[in-house]
Each structure stands twice: as structure tokens, then as C-alpha cells.
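Participant: 3D, please:
(4 chains)
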Amino acid sequence: MRILLWKLWMGYRIFGPIIELLMAMFRPFAVAMYRMGGPIVAQMAGMILISAVVAVCVGVWAHAMLFGFVDESILATAASAGVELTGAFSYVSPATWGLTPSQIAVQLQQVGGVAANMSGVAQYLLWPVQFGIVRDLVGLGALMGLFNIIPVYTIWWERKVAGRIQSRLGPMRVGGWHGWSQSPADGIKLLLKEDLIPDGADAPLFRLAPYFNIIPSALAFVALPFGATYVFRELDVALIFILGVLGVEVLGVMLAGWASNNKWSVYGAMREACQMVSYEIPLGMALLLPVVTTGTLNLTKIVDAQSGGWFHWLVFSSPFAFIGFIAFFVASLASCKRAPFDLPEAESELVAGFLTEYSGIRWSFFFFAEYAAMFVVCGLAAILFLGGWHSPLPASWGAALGDAWYARGVKGLLFSGPVWFVAKCVFLLYVQIWIRWTLPRIRIDQVLYACVQVLLPLTMLMLLGTTVWVWASTSECETWAMVTAITRYVLGGIGLMFAFAFPAIAAYGFYHRRAMVGNLVQDAMPGS
Amino acid sequence: MTIGLTHYLIVAAIMFVAGLFTMMTKRNAIGILIGVELVLNAATVNLVAFDRYMGPDRLDGQITAIFVIVLAAAEAALAVGICINVYKNLSTVDVDRANSLRG
Amino acid sequence: MTNTKHNLTSCLLRLVVAGGGVLLFSSQAAFASEASGVTNAAAPGGLLEAALFYFVALVAVVSSLGVCFSKDIVRMAVWLFGALGSVAVMYFLLAANFLGAIQLIVYAGGTLILLVFGVMLTSKSPWVKFECPKIEMLFAGIICAALLGCLCIVLTDATWAGTMQVVPGASVEAIGKILITKYLVPFEVAGVLLMIVMVGAAHLARQDD
Amino acid sequence: MAEHTLEIALAAGVLSPLISFWALVLFGPKLGKPVAGWFGVVFGMGVPLACATYVLFGWMDAMNAGESAALTANAWRGTWAVLGDVPITIGVKLDSLTVAMFFMVTFIAFWIFFFSVGYMSGHSDEVAGQRKYWLFFAYLSLFAFSMLGLVVSSSLVFLFIFWELVGLCSYLLIGFYFDKPVPQYAQMKAFITNRVGDFGFLIGLMLVYFHLGTVDLDEAATVFAQQAASGTGIFASHFTMFGWSLATIMGVGLFCGAMGKSAQFPLHVWLPDAMAGPTPVSALIHAATMVAAGVYLVARVFRLMTPDALMFVSLIGCLTLTLMALVAVVQTDIKKCLAYSTLSQLGYMIFGLGSGAWVAALFHLITHAFFKAMMFLGSGQVIEGCHHEQDMRKMGGLWKKMPVTCITFLVGVLAIAGTGIPGTKIGLGGFFSKDEILAVSYARAFEWEDPERFEEEHHGDGGGHAEVELTKRVLLASDPVQHDNDHAETAHSDHGTDSHAAGVGRIFANTPALPKWMFYLALFTAYITPFYMMRAWWLTFMGKPRDDHVYEHAHESPMMYIPLAVLAVGTVFASYFLFRPLIADAATAGSAASLVMAIDGTVHTPAIMAAHHFLMYGVGGAFLVGFLLAIAIYRNGLAVGDKLKRALAPLHTLLENKYYIDELYDIVFVKGFLLIAKIARFVDTWIVDLIVNLFAAAAERFAAFCGLILDKHGVDGVVNGVAKSSRDFGHIVRLPQTGQIRHYILAATGVATIVFLCVLWASSGANDVAMAATTASLGR
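Facilitator: Predicted coordinates for the structure are as follows:
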């Protein structure tokens, strides 16, 4: 053991300086590269961004498809050998059921319909994908990437939306097309900034606090499924696991506020504690609606219960779920400290609340955590109520496509896949941003009033109603089945109306944007 | 390298003793509360470990652990309320000062 | 410039640590999936489980000792979080997934926040510390050490009457079912207790007229 | 008809008032004054009434098509929870009785809600301004929810839950004017008195739970019958109290609940006081529905009754009906008069059930609900019109000012008096129902002496009639305890006739004349009822105005007399043709397989025919006698009445003070406690203190003697020395008692550790240690 430690220490002594030297050399190199590449990037920026987005989508889709195919292959091979493997299969380690490349080739020809000469390379390319460690590495990479990209671009997007809502343009300069690299640039700036620790602060806690924020929000991604086979770890208690780790975030905020030794910070922390402890209850109750309906805490199974298109989404399953979804969304705003519940920060009253004394990378950690948490709760909303990764198109259309490899591809892209999940999340994120820049912040007593006297009874009532609804649905009574079907279609119709009205109104606003600048928007709306 | 029941029990024992020590040496009322939480956690670890290794097809240990968690949460809520009341009356949460009923 | 360099490297290192945490957590989650009836190659008792257990046990022990020996009440709470979190991971290792998640929600997300909240409401200045007499510390230390010694002797020597077979973890559904059938009465009693506690806490926290 | 449609309609009817309640509680203030009331009318009762109508017609169709039995059998029920081995069921009891009750409650309650909108518009601002207005309708909605829930519940547990909810609503509504002292006391009295009865109900429920092992009404009845046949279960218990077996106690316990809610004799005291509540509440809860819940309960648990228990029921009902009717004669407050009349009529129903007149009692319940609700609303109209004057002595001649009220009230009076043409089928509701109760009790009293003959007549005579099936008695077995005792005496046991002989029960077997006396009392009361009702009507509406001030103000408003008119029409027409067949249908299942006998009064066996003939001549003209007597006395105001009052002063005083029952309760329960306290105080002051003081005085003398001489010099030194040493010792002992919790923990842990070490030390060898540890840890 001592020898091992000694070796490690020596290794650090030797390689540490080399790494740092390389990094020091890399820094001017990077600046030079940026100076050279900057103009090119600036010109091609829009193209690059769009193609990157498309590439990410396609990558995600292809990735999911690939994994799904290998899973199927394992299952099929096992079945042909007379072994029954059950359960969710995506991350099963293949120690018991490893496929040889030749077996993969067979599967490629049988299941995928790929010609024999084409499967030669593919079989070796696909072979490693079946191993848990490979998948974990790929998944970890994807997770870390997502965890970095989502906050960075949500921040940029938020600033753009805020600008538009306030009749200005938002960031326009850095990176060319609509300032798309503003956030990465800000990130670099924050990395380079001095890491201040105020006098009289509790230094270890002050340093520790951001990690209490950022690690839970990263952990939440562990159990958050992006697609049927695209989940890092499929937990049977995924839902409450995510709720639990998001609940830990509060501790970070409170520690940050406390350790800063600043009056405003402590106020912010106290507000956060009040707010979170109260809003977790309605949030949890609203989360229970889909759980009661589907009878599982496993997110993948909850989504499976909603397959089949628009009208099968849980939000339309009963009036209680419909209202419960809205209650959930409100509570999730509060749990992410988003406006109108952004009291812990409250720039206009508390300077910046618990963030007052923070600067540099630690400060940005809080923001990473916040935006990641936003994405997570939007993802939960999409999974629990909006059908997860299923598209609104009826599943029967997809079934009509057949089972060939290209049909699978189309199905993965159009009917059920991570792309849809991300799209729904992004839409909900947009709604969050929209709300933030439209509604004023409410007072703390109003916040608590809204929780205890409005949201809590409401969600309790909805939970009760859903329970009765589900319980009534078990009776197999024809009249009741008719009632549920009618409810489903009525609510779905309302949803559909919103879904069409939303882009229509947006298009109208865009078309008349000149008229709206400088006016109250409602003056320029039709009928005014 | 097989992890058995004893491993968990020893960890739980250490936590238990640490909790006891905390209760014995802290003068802050909330500190004592933290010690109590530690002791309760040690107990629940024991329960779950026994459930895992000794209770074939029975969930008694886990259920008891759930009840312990419920009770601990309730106890913490009340105890913090009491601490705040003590603070209101004595302007401190030092348990050495809360000795009005001392015989 | 030196300052920034320090920053950059330390931050990167910490990101790596964070990533390691994710990895660790995810690898333990692999065991937990056993509870959902999924076949799992890494059977309990494997190397990874052992490694994870030792890591978590270390965290638990260190955190518990941290709770004992730290003077500052907020730091005690943070150490307590370490202990609670590692206990949650232990539950996952013991295939009690539901309990693990509940532990996270109730303890880490609820009780601990309440404690810190209580600290914030009841401390006049941030660094007020009450010290216990040294002689008491000594006595307490001796007694606790003796107790721990006894416990360890007994635990290591004991032969348990049970089967010592690892039983498969139960699903959430099973817990739910047993909770409202066999344990219905305690369940209701717990509900009544929570109700009473709610009323009591509200009463304690009232404003004096 | 689609499956379960009727249950869904019933459930919707039950839940709609609940929604209305919550909506009014949450949004009541926003809805404002008239809107909240109309909201309550529409959602609190309009929707249930629509559902009830739908169910009624659906059920009629099903009955005509012969599908009703299948519907009853298939009625939805599920398991709510399993407590121990006993499933707590939840479900809808779908039979004719439920349908009839549901329709009756919703119909009457709808019109009372309607009436309330008018009534509360003037009353609501008296206490807390606008706030009380919506609160009133919220309470009414909650009441409607609980009452309807009670009616449709198929399980005793849920029946009990709704039962308690009904009690709560009654409490809330009686004390609606909470700023006045009288309603406050009245609501407390009602609540506490009801709890006494509910305690009995709970005991009965627990016995059902433990001994029958099910809480579903039908299953419980089946199990009960099986246990009775085989002498197992509750019949195997040899526990007795007051000579009652456990089975009888179960029945009596369940009946105790009904005693509280239906205000039967010893627990009746709350109902007259409950008239302090708003008049619509009196009409709805304390005349038509809630008090009827007790009767409904007895009808539902009829199959769990033993003959002894039923005799007890009958006795209580008989006492109530007679005593309360007499009190009603001397009441001067219009609402109190109606209240006592209600008590008397409830007594009739309970008496009817106790005598086996299952159909007639429930039929009477429904007819009574119609006309009594109407009369209460009429009295509300009068009180409202006369500026809150409730004293009938100050009214008179109001028929000019309130014609509609007067006429509808008269209809009610006629109905309750049992007006009709004897021997024909022409008459008002009370005519049929009361006549049938009396007929059955006659048959029971005079024919049951010889049960075998009765049996033969019932079976031999009407073999061809389908209706005779209704009167079947599957078992007439008495309690096994009884059975054993009687076995030696009555040797013939082949046909189970020995138990027939014991059918009257164990205690009551010694008093064979009791049923006859009860019948005579009921008969006597049939003459009193028309008298006091006509007295009330005449004093209020006819004659000359006796108080100009009241007369000047008197008026009536359409909002309030529309319901009166509707209910009057309902009283006249709906009852006999609509409800009688429904209840007769329900009787098949409602009294099937019971230990006791249900007798249908319309079955023309010789016994019943004899009763009818007897009644035709005996009480056929009772209403005329009573009416004429009342008119003769009060034709010219109060003068004759006052003379009579003076002539019969002692009796009048007794009745006016309601037999001093309230005072008795006050003396026994309240004063009793005070008396005990006083005795204790006396003992304390005069005996204990005396002894103490004596000792003190003696000690003082002794001390004075000793102190100067011995104490100062000799003893003080010793004492001080002892004191000092004990103080020092005390200090030492006190040391561990620091008041510091951590020290206690330290000490406790220390001791535990030392014990632990000792155990380890004592057990030599590793195996012993292990064993000790194992046993210690596992607790084996």
C-alpha cells in the first residue's frame, strides 16, 4: 500500500508539472487558434450552430438506435439458444451473454436486413457496444456533455428571449450569429476570474457549498431517461431518487448563504429553505398523480404506459391530471428558484441573495446547477405527463412502416426517440423562461400563501381525484370507460388547440413585430 | 472481499457510538439533536442489514426502518420547534442554561 | 496569473472528482437494479460492490467522527449530511432502493434542512460555540471507546441464527402492499402521529400574543 | 340498461353535495349572497334530485322487467381495507329501500334548500354578516352528502362514518346562530346525547366485527343466520348482561345508535332543544331526514336482531310515542309542539319496527317525512312572517294573512292525524301507514301467544299469494342460552317449535301481557295525535287574532310557500302508490333470513284481517274525535284551555316540564358530580382538617413545652448536626442530578457499558460470547 501511494506521489511529482506546462503552452495556442478561426467561425456561425444541433439530434438518435439494436440482438440470440432473458436490457453487463462478432453479423443480416458484405465492418464496430463498461463510458460522456451544454445554451437562450420580450436584441456580438458563443465566452471569463473568499467567511463551507449544488443536479441525470433504451441507470425508484437528489440542492444554497457571513446571503438562504421545504410537498403530491395512474416509480415504465400518441399522454388522462400538471409545473418553478419564485436571489432586494459573495467559477457552478435542475424538472414533466419520448403522432402510423432497418430509423426519429424528449424539454424550458420575463417576483408571504393555501390543497384534491379516477377505471364498467374516453378526447382537444394556437400567436407576433415595439403587446393584438 | 452482515453492523456500531458521543459532549441543543439522528440512522442501517441477510422474503426490517425514518422526521420537527421556543425564552440554545427545572 | 492558474487546475480537478462521484454512484446503482428483478452479472459480493462498500463505509465513519469532533454546529450538520448520504448509498447496496431514496428525501432534503434552519434561527452570531468541560469529554471518550470495543468484539465473534443468505431485494410494490395490509395499523398510527406533530409544531412555532 | 349505471348515478348524487360543500367553503365568499344559495340549491340538491329521479325511474323499469334482484345482487362493492382478517367493505346498497329513501331525501331536501334561499336572505346577516350565508349552504350541502352517503352505504363501517358526519352537521347547524347562548347549549346537548347513543352503536359494530367477521350488511345477516342455526359464533358465547345474551346485546347496541339519532325515549331530550336552530334545519334534519336515519338503521340491521332485542326496540318506541304525544298536548311554542309530535311519530316507527311491521314503519317514515317537513316549513313561514314570534298563544286568525300556509299546514295536520275513510282506500299518507303499524302490532300482540296457529294461518291460508312470501320467517329461534334453558321444559323439539315458544324472548317471556299493553298505548296515542295537531293549527290560524302586533306584521312570501305547496301535493298523492310498493319490494330482502318476524300488514290473513276490522271500528274515527275535541276546546280562544289547565294542574305541570327528565339528568349527572365534589370538600374541611388541626394544636402545645427546655440546648445540637450531615449527603447525592441531559446519557451509557463488559467477562470462551451476543441481539 505504501509503495503504491509512493508511486502515485512520484507520478504526480513527475507528470504534474508536465501537464501544467502543457496546459500553459496550450493557452496561448488556444488564443491564437481563436484569433485565426474566429472570423471564419463568425461567418459560418449560423450554419455551424444549426448543423451542430442537427448533428447532436442525429447522433443521439443513432446512438439510441444502435444500442437498441444490440440489445435486441442479445435477446434474439439468447432466445435462439433457449435462454430467457427478461427485464430492461439496455445496460446489462454481458458477462453471461456476450455476443461474438459473428453472432452480431448473423443478427445484422436477420434483424437488420443488412447485406452480408456490408456487415463485415459493422460487426466489429458493434461488438464493443454490448459491454456495460463501454456503454457506461459512452453514457458518462454524453451525460457530462449534456450537463455542460444544456446550462450554457439555456443561459444564452434565456438572454435572447429576455431581450426579445423587452424589445431589444440580447447578446449579438460574441461568436457572430446572434451572439451564439456568448455563454462559452462568459464561461471562460468566469474560469479566469479570481476566486474570492470574504473575510470572516467560513472558508471550507464556502468552498464546499457549490458542490452541494452541482453534484446533485448532475446525479439527477443518472436516473433521467432520454429514451426507452437511453437511460444511464434504470432505477425502480427513479422518480423519488430524482426528487431526493434535487432536494439536496437546498443544502448547498443554505450553506452558501450561511458561510458567506453576509446578511443578504443568510436572508436568501432562509427564504430558500422556507420555499423549498414547503414546495417539495405539493411537488411530491403532483408527482404522485402519474405514479398512482401507472402504478410504478420507474420512469421508463411510466412512459411506456403513455405510448400511442397525443391522446394517450397522461396529462389528458383525467381532469385531475390536467390540473395536476399545471400544479406540478408551478411547484417545479419554485423548486428551481425560478421567477416568480426567485426569492433566494432576488437581485432587487437582496443584492443577489445567497450568491452575493460568490464570484468566478463557484458562482457559475450555482448557475450550472440551476439550469441543469430546470432541465431535469422539465424532463420529469415531459416524462410524467407529456408522454416522454413518444411523439404525438399515433403509433399505428409507425407500425405501418414495417420493421426494416430504415423503417426503424424513421420510427426512432419520428415516433419515439430521445429527440422528442429533448424537444419537449426545450419547449417547457422556453415556457419557464417566458414566465420569468413576464411575471413579477412575488413576496415571500405570497409565496408561502400560494403554497400552503392554494397549491397544497389543490394537489391534495387532485391526488384524491386521481385515486378515485384510477380506482373507478379498474371497475371495467362500460359507462365509465366511455366517460374516460370522452374526457381524454376533450382534454386532448384542448391541448391540441393550445398546441396549434401557440405557434400561430408566435407567428403573428413575429410578423407584426415592428408594430409591437414600443407598444403594449395587447394593443397590437387582433381585436384590440 | 464478500461483504457480509458484520461489515454493516460494525459501520453502524461506529456511527451509533459517534452519535452517543455527540449527545454526550455537545452543549448546543441542536447538536444533541444531530447526535440523535446519527444514532437513529445507525439503528436503521442495522435493521435493513438484518432484513437483507436474515429475513428471507420478509420486509419487516425495511418497514420498521421506514417507521423509524418517519418518527425521526417528526421528532426533528418538534425538537427544532422546542429549540426555537427555548431560544425565545432564554436567548440561547445552550442546554446548560436551560436548567429551570433542575432539582 | 498565478491565481488564475491555481483556479483552473483546481477547478478541473474538482470536476474530475465530481465525475468520479457520478461514476461511483452509477456503479452502485447497477447493484440496485437487481431489486427490480433485472438480471445482473455483477452479483452481490463482487469486487465492485466490496470497493464501493469500503468507500461508503469510510465516508460514513469519517463523517460520523466529524460530527463528534467538530465544534461548529453548521459543520456538524454538513458532516451529518455525509453520514446520511453514505447511509443512503448503503441502503442501495443492501438492495433497499426505496429506503435509499426515502432517506435522501426525508433526511437530506427535509430533516437536515430543518436542522440547519433551526441553527440559523437560534444563533446570535455565526460563530457562537459552547464548549463542554474537558473532563466530560474525557469520560465520554473512555465510555464510548469501551462500548465500541465491546460491540466490535461481540459483532466479530457472533454467529448469527439466520440463514445468512442474501435475499433478493423487494420491489416498491411489495413494500407498499405490506405497508397497507400487514402493517396497516402502525401505518395509520404513524399518520396520526404526523398529524399530531404537525399541530404540535405549529403550536410551538406560534407567535406569542 | 348498462351495468352499474344506477350505482354511478347514486354515487354522483352523493358526491355532488360534497363538491358543492368544498366549492362553497373555498369560493363561498366570492359567490356572494344570492348566488351562493342558488349554487347550493343546484349542486347541493338539484343534481342529486336529478340523479334520484333517474334512479327511481330506472329502478321502476327494472322492477317491472324483473331485473331488480339481479341489480341488487350485482351492486358494486369492493374492499376498502383489510383489518386483521376482516375486510372492510365499501359499496352501494342498491335495493328498493335505498331508492325510495334516496328519492325521498333528495326530494324533500331540494325543496327545503329552495325554501332556505328565501329564509336565509332575511336571517343570515344576524350573526356574522354575509359570511354566514354561504356557510349555511355549505353545511347543508355537507349534511346532504353525509345523509345520502348513509342511505347508499352497504357496509356498516361506512354507515357509521356517515352517521357521525350527519351528527356533526346537526351539531354545526343547530348552533348556527352561535352568538346566542341557547343554540350553543342546544348544539352541545344534541352532540353529547348523540354520543351516548353512538357509543352503543360502536359496541354493536365491534361485536359485529369480531363475531360475525364482516361488516357488509348482507353478509353479516347471512353469517348471523348461519350462526343462529348452528349455535356457533356469537351464539356460542355464554356472556350475558341484564339477562341478555351477546347476540341480543349486539342488536340492542346497534339500536342504541338509532335511539340517539332518532331521539328515542331516554335520549330524546336533545330534539326539542334542537329547535333553536334555523327552521329549515329543523325541517330537514330534525323532522324529515336525520332523525329518520335511526329508523333506517334499525330497518337495515333488522336481520341482526334477536327477539329479545326487538322487544326492547318495541318497548322503547312505545314509551316514546306515548310520552311525547302527551307532552305535545301542552306545548305552546309552535316549533316545540311539532318537535314533540315528531318524537311521537318516530316512536311509532320504532314501535312498528319492534313489532315486526317493517314495511309499515318505513312507509310511515316516508309519509311522515313529507308532511312533517311541510309543517315545519309552514311553521318557519309563520315564525318568519310574525317577526320571530313562536308562541301560539299570541297568534290566531292568521289564515287571512297566510292562506297558502294555512291550507298546506292543514293538509299536514290531516295527514298526520291519519284522516281517511275507514274501510276504503281513500285517505292521506298517515292513514295507511299508521293503520298498518297498529294492525301489525295488534296481530303481534294477540296472535303471537300461539305462534303455531299464527304460522298455520300465515302459511295455510295464503299459500297461493305471492305476497305471503313476504311474511315468511325462516327462523324463530331464540338465543341458544335461552334455548338450553327452555329445552328441558318444552319437550317437543322436532319442528323447532320450542324456540317458537321462546320467540318473545327471555326477559320478556315473563311478561306476556307487555305487547298487549304496548298496543293499547299506541292505540290511545292515535287519539291524542289529532288532538294536539288540530290544537296547534287552530291556535295558529283560526279564531281571532290575539296579538295585534303579530297580526299586523304577518305575511308570506312566494319563495317560501312554493316548497310548501309542492310538499303538500307530494303528501296527498305520491306516497301510497309510489313508495308503498317500493318498500314492500324491499321487505323481501330486508327481513329475509332473520331471527325475527316481519309481518306485512296488507296480507290478508285472518289475523291481520281481524286487526283491520278491529281498527276500523276502534280508531277509524279517531281523527274526528281528536279534531272535534280540539276545536271544541279552542274554538273561542284560550279560555276553555286555561280552565282545563287549572283543573288538571298537576298533570299539566308534569307534562309542561316534560316529566322532569331534563331536571333528572341535571340532578343525576350534573348535580351528582357537584354533590360528590361537595362531599369530598366536606370531608376535607371538617374531618381531615379537623384531625390535622387537632394534631397541630397538640403538637404546638407539646412543642411549646419542650422547645424552651429541651430543644434549645440538648436537641438542637443533635438535630443541627443531623441536618448538616444530611444536607451534605444531599449535596453529594444531588451531584449527578445536574439537569444536563448529556450527563444522564453519559451515566446511562456508562452503566450499560459496564454491564456489557461484565457479561463479556463472565462468559468465558469465544463461543459463549457469541451465543450470548446472539441471544442478546436477537432477543431469543
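Participant: now the helix or strand where D:T749 lies: average pLDDT?
Facilitator: Element membership of D:T749 [criterion: DSSP states H and E] is helix D:741-762. The average pLDDT within helix D:741-762 is 83.
Participant: kindly report the same for stretch A:483-493.
Facilitator: Computed over stretch A:483-493, the average pLDDT equals 86.
Participant: and the residue of chain C nearest chain A?
Facilitator: Proximity of chain C to chain A (C-beta to the nearest C-beta) peaks at C:G109, 2.5 Å away. For the C-beta atoms, the positions are set from N, CA and C on the backbone; glycine is no exception.
Participant: with adjacent residues omitted, what lies nearest to that residue?
Facilitator: Excluding the flanking residues, the one nearest C:G109 by C-beta to C-beta, 6 or more residues apart in numbering or on different chains is A:G247, at 2.5 Å.
Participant: from A:T356, how far out is the closest residue to A:Y267 other than its chain neighbours?
Facilitator: Spatial nearest neighbour of A:Y267, chain neighbours left out: A:L350 (5.5 Å); criterion: C-beta to C-beta, 6+ apart. In this view, A:L350 and A:T356 are 7 Å apart by C-beta to C-beta, to the nearest Å.
Participant: what helix or strand is A:G38 on?
Facilitator: Going by DSSP H and E, A:G38 is part of helix A:2-80.
Participant: for that helix, packing partners?
Facilitator: helix A:101-107, helix A:119-126, helix A:132-165, helix A:405-414, helix A:418-436, helix C:2-32 (3 or more C-beta pairs under 8 Å, 6 or more residues apart in numbering or on different chains; DSSP states H and E).
Participant: quick one, phi/psi of B:V93?
Facilitator: Torsion angles at B:V93 (phi, psi; degrees, to the nearest 10) stand at phi -110, psi 20.
Participant: and it, what does it touch?
Facilitator: B:28-30, B:83, B:86-87, C:122-123 (C-beta atoms under 8 Å, 6 or more residues apart in numbering or on different chains).
Participant: show me those that map onto strands.
Facilitator: Judged by DSSP state E, the contacts of B:V93 include no members of strands.
Participant: show me the two of those that sit farthest apart.
Facilitator: B:V86 and C:S123 (12.7 Å; C-beta to C-beta).
Participant: who in chain C is up against chain D?
Facilitator: C:132, C:136, C:139-140, C:143-144, C:146-147, C:150, C:153-155, C:157-161, C:180-181, C:184-185 (C-beta under 8 Å from any C-beta of the partner chain).
Participant: so for the chain, the centremost residue is which one?
Facilitator: In the absence of a named chain, this looks at chain A. Against the mean C-alpha coordinate of chain A, by C-alpha atoms, centre = their mean, the closest residue is A:F375 at 3.4 Å.
Participant: chain D was what I was after
Facilitator: Geometric middle of chain D (C-alpha atoms, centre = their mean) lands on D:K261, at 1.7 Å.
Participant: please verify my assumption that that residue contacts D:G294.
Facilitator: Yes. Counting by C-beta atoms under 8 Å, D:K261 touches D:G294, with 4.1 Å between them.
Participant: any idea how far D:R734 is from D:A747?
Facilitator: 14 Å.
Participant: between those two, which contacts overlap?
Facilitator: Counting by C-beta under 8 Å, 6+ apart, nothing touches both D:A747 and D:R734.
Participant: more neighbours: which of these two?
Facilitator: D:A747 (15 against 11; other C-beta atoms under 10 Å in any protein chain shown).
Participant: tell me how far that one lies from B:R27.
Facilitator: 17 Å.
Participant: repeat for A:S307
Facilitator: Counting by C-beta to C-beta - A:S307 and B:R27 are separated by 60 Å.
Participant: more neighbours, the two?
Facilitator: Between A:S307 and B:R27, B:R27 has the larger neighbour count (other C-beta under 10 Å), namely 20 against 17.
Participant: one step back: among the residues of chain C next to chain D, which are in reach of chain B?
Facilitator: C:132, C:136, C:140, C:143-144, C:147, C:155, C:158, C:160-161.
Participant: need the distance between the two termini of stretch A:429-444.
Facilitator: 24 Å (C-alpha to C-alpha, to the nearest Å).
Participant: in stretch D:25-40, which residues are buried?
Facilitator: Within stretch D:25-40, the residues scored as buried using 16 or more other C-beta atoms under 10 Å in any protein chain shown are D:28, D:31, D:36-37, D:39-40.
Participant: residues contacting that stretch, please?
Facilitator: Taking C-beta under 8 Å, 6+ apart as the rule, stretch D:25-40 contacts A:457, D:20, D:23-24, D:113, D:116-117, D:120-121, D:124, D:130-131, D:133-135, D:137-138, D:140-141.
Participant: tell me what the helix or strand where D:C51 lies is packed against?
Facilitator: Taking DSSP H and E as the criterion, D:C51 maps to helix D:47-65. Under the contact definition 3+ C-beta pairs under 8 Å, 6+ apart, helix D:47-65 sits against helix D:5-31, helix D:68-74, helix D:96-123.
Participant: and among the ones you listed, the most buried is which?
Facilitator: helix D:96-123 (a mean of 25; mean count of other C-beta atoms under 10 Å in any protein chain shown).
Participant: for the record, mean pLDDT for that helix?
Facilitator: The model assigns helix D:96-123 a mean pLDDT of 83.
Participant: the inter-axis angle of it versus helix D:47-65?
Facilitator: For helix D:96-123 against helix D:47-65, the angle by axes from the mean of the first three to the mean of the last three C-alpha atoms, to 10 degrees is 160 degrees.
Participant: distance between helix D:96-123 and the chain's centre?
Facilitator: 20 Å (C-alpha atoms, centre = their mean, to the nearest Å).
Participant: same check on stretch A:6-13?
Facilitator: Counting by C-alpha atoms, centre = their mean, stretch A:6-13 comes out at 40 Å from the chain centroid.
Participant: quick one: closest of the helices and strands packed on helix D:47-65 to A:R338.
Facilitator: Per C-beta to C-beta, nearest to A:R338 of the helices and strands packed on helix D:47-65: helix D:5-31, 27.4 Å.
Participant: what's the angle between that closest one and helix D:96-123?
Facilitator: Going by the same axes, to 10 degrees, helix D:5-31 makes 10 degrees with helix D:96-123.
Participant: before we move on, back to that, so what touches the helix holding D:T749?
Facilitator: B:20, B:23-27, B:32, B:95, C:132, C:136, C:139-140, C:143-144, C:146-147, C:150, C:153-154, D:736, D:769, D:772, D:776.
Participant: please consider this matter closed, and thank you.
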